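Colleague: need a structure here:
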Amino acid sequence: MSLIIAGERSGVGKTTVTLTLLASLCRRGVVVQSFKVGPDYIDPMFHQHVTGRACRNLDPVLTSEAYVKECFAHHSQGSEYTLVEGVMGLFDGIGNGEEVNQCLTDFASTAHIARLLDLPVVLVIDCSRLSGSVAAIAHGYSSFDPRIKIAGIILNRVGSDRHLSLLKDSLKALQLPILGVLRRQDNIAIPDRHLGLVPTAELPELDAVINRLADLGDTCFDWQNLLPLLKSKLPPISPSPSSP
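Modeller: Sure, this is the predicted structure:
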């Protein structure tokens, strides 16, 4: 078992949530292996800064579906917990002519990797401009592709206790576990620019931000339900084909 952190779209805080989970886990002294969907190289810099282990990319476009499976199985060895950060929105990928729910398939999307590795998904929702509509978003994402198991949701950028109450009331009927609540935090923002985050080498205050994320992670997640999902359950490794 492992867990994929997915977003309903880009910019909802997937990387912040992932780093918060990684920082809090590493503070406990456990070995954590992280992965990133797609060819992104900046987010993995942040993962490695926190875990001390190279983050591995899971990209079936530049490699193959078989390699993605082998990479995940091989690099999960020796770690107590594994975590995969998705890319863009859950179903954002490329088409290859097949159809899913009357739409072009989401090849190379986070959903594709979740199906390929048979991993549950936690959906991060940016709640900064939502109240009751959060239920429609969660319902749509959890029912769009029945092959995807949504293990729960994380509510990000929640404004107040009243705001949180409205969100929870709206979500009750869906019976989707709320696995984390992150309030609006101005002191943990990671700066970004065109097409991505500012690289780690350009952030002299990064260690202080990571420490604040670890503090936040200790209290904002439902660890009782999250830890079993994050625990490594290693798939069998097939022999690697000989390299040319």
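
Colleague: And the strands in this structure?
Modeller: Using DSSP state E, the strands of the chain run over residues 3-7, 32-37, 56-58, 81-89, 99-100, 103-104, 121-126, 150-158, 178-183, 192-193, 196-197.

Colleague: Do you know the pLDDT at R184?
Modeller: On pLDDT, R184 comes in at 89.

Colleague: Report how many residues lie close to it.
Modeller: By other C-beta atoms under 10 Å, the residues close to R184 number 13. From N, CA and C alone the C-beta is placed, and that goes for glycine too.

Colleague: Same check on D169?
Modeller: 12.

Colleague: Kindly report the same for I154.
Modeller: 27.

Colleague: Quick check, it in contact with L123.
Modeller: Yes: taking C-beta atoms under 8 Å as the definition, I154 is a contact partner of L123 at 7.3 Å.

Colleague: now the strands of the chain as a markdown table including distance to Q48?
Modeller: Converted to a markdown table, the strands of the chain look like this (distance: least, C-beta to C-beta, whole Å):
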| stretch | distance to Q48 |
| --- | --- |
| strand 3-7 | 16 |
| strand 32-37 | 8 |
| strand 56-58 | 10 |
| strand 81-89 | 12 |
| strand 99-100 | 34 |
| strand 103-104 | 34 |
| strand 121-126 | 21 |
| strand 150-158 | 22 |
| strand 178-183 | 22 |
| strand 192-193 | 18 |
| strand 196-197 | 13 |
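
Colleague: What pLDDT is listed against S238?
Modeller: If you check S238, the pLDDT there is 57.

Colleague: What residues does the spatially closest residue to S10 that is not a sequence neighbour make contact with?
Modeller: Nearest residue to S10, sequence neighbours excluded (C-beta to C-beta, 6 or more residues apart in numbering): M88, at 4.9 Å. If a contact means C-beta atoms under 8 Å, 6 or more residues apart in numbering, then M88 has G7, R9, S10, S109, T110 as its contacts.

Colleague: Flag the shaky bits of this structure, pLDDT-wise.
Modeller: 1, 96-104, 186, 195, 234-244 (pLDDT under 70).

Colleague: ok, 50 please
Modeller: For the chain, the stretches flagged by pLDDT under 50 are 102.

Colleague: So which residues of it form helices?
Modeller: Ranges of helices in the chain, per DSSP state H, are 14-27, 42-51, 65-76, 110-117, 134-143, 161-171, 206-220, 223-230.

Colleague: list the contacts for Y141?
Modeller: E8, L90, L123, I150.

Colleague: Recalculate using a threshold of 6 Å.
Modeller: Contacts for Y141 (C-beta atoms under 6 Å, 6 or more residues apart in numbering) come out as L90, L123.

Colleague: Mind exporting the C-alpha coordinates of stretch 105-121 to CSV?
Modeller: Extracted in CSV, the C-alpha atoms of stretch 105-121 (Å, rounded to 0.1, in the frame of the first residue of the first chain):
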residue,chain,number,x,y,z
THR,A,105,-8.4,8.7,-21.9
ASP,A,106,-6.3,10.3,-19.2
PHE,A,107,-3.0,8.6,-20.2
ALA,A,108,-0.1,9.7,-18.0
SER,A,109,-2.4,11.5,-15.6
THR,A,110,-2.4,10.9,-11.8
ALA,A,111,-5.5,8.7,-12.3
HIS,A,112,-3.6,6.6,-14.8
ILE,A,113,-0.7,6.0,-12.3
ALA,A,114,-3.3,5.2,-9.6
ARG,A,115,-4.8,2.5,-11.7
LEU,A,116,-1.5,1.2,-12.9
LEU,A,117,-0.1,0.8,-9.4
ASP,A,118,-3.5,0.0,-7.8
LEU,A,119,-3.0,2.8,-5.2
PRO,A,120,-5.7,4.8,-3.3
VAL,A,121,-6.0,8.5,-3.8
